[in-house]
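# Below is the sequence, then the predicted model.
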Amino acid sequence: MSNDTGRGPLSRQRNSRSRRERIKAAQAEASAWLQQDRERNGVKTDNRLENLEYCSASDNQRHAVATGLAPKPPLRRGTDNDHTCRLNEEQLRSIRRDYAEGRGIPGLAREYRVGDSTVRNIVRRNSWAWLSDE
């Protein structure tokens, strides 16, 4: 009589697929995540076999920009037309000017509603280094 209750490592081992089958399944799943199909001519409704190809996500994005299906990303983060910016150029100049006049980083961070590290990076020119103090 066996002590196997249908649970535990013995039953899992008996009911599981072989190691090779598990590896093949994992590889197929990974390749599905890594590859995307795209339409060569850029027309989303043209799903003819000769118009489809597999590519990586980055290749797909480059193709979309090249064919005009997606906007070109900004060349430099931190410009006024970058939608992720919370501060404009005049505010950045004001932060640097106020810091040079002796205001503290925590007070400037509260005033502009950003983190201390953001203000610190601005005044040290770790970010927005290209912006002049004119």
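Received, thanks.
# where along this structure do the helices fall?
For the chain, the helices defined by DSSP state H occupy 9-15, 19-34, 57-66, 89-100, 105-112, 116-123.
# which of these has the lowest average pLDDT?
With a mean of 50, helix 9-15 has the lowest mean pLDDT of the helices of the chain.
# right, so the helices of the chain: which one is the most enclosed?
Across these, the average number of neighbours (mean count of other C-beta atoms under 10 Å) peaks for helix 116-123, which reaches a mean of 18. (C-beta placed from N, C-alpha, C; glycine too.)
# Does Arg97 touch Asp133 like I think?
Yes - here Arg97 reaches Asp133: they are 7.4 Å apart, a contact under C-beta atoms under 8 Å.
# CA atoms only for stretch 109-125 - export them in PDB, please.
Provided in PDB are the C-alpha atoms of stretch 109-125 (Å, rounded to 0.1, in the frame of the first residue of the first chain):
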ATOM      1  CA  ALA A 109      10.500  71.600  -3.400                       C
ATOM      2  CA  ARG A 110       7.400  72.400  -1.500                       C
ATOM      3  CA  GLU A 111       6.800  75.600  -3.500                       C
ATOM      4  CA  TYR A 112       7.100  73.900  -6.800                       C
ATOM      5  CA  ARG A 113       5.400  70.700  -5.700                       C
ATOM      6  CA  VAL A 114       8.300  68.400  -6.700                       C
ATOM      7  CA  GLY A 115      10.600  66.200  -4.700                       C
ATOM      8  CA  ASP A 116      13.800  67.400  -2.900                       C
ATOM      9  CA  SER A 117      15.900  65.200  -5.200                       C
ATOM     10  CA  THR A 118      14.400  67.000  -8.200                       C
ATOM     11  CA  VAL A 119      15.400  70.400  -7.000                       C
ATOM     12  CA  ARG A 120      18.800  69.100  -6.000                       C
ATOM     13  CA  ASN A 121      19.400  67.700  -9.500                       C
ATOM     14  CA  ILE A 122      18.300  71.000 -11.000                       C
ATOM     15  CA  VAL A 123      20.600  73.200  -9.000                       C
ATOM     16  CA  ARG A 124      23.500  70.700  -9.400                       C
ATOM     17  CA  ARG A 125      22.800  70.600 -13.100                       C
END
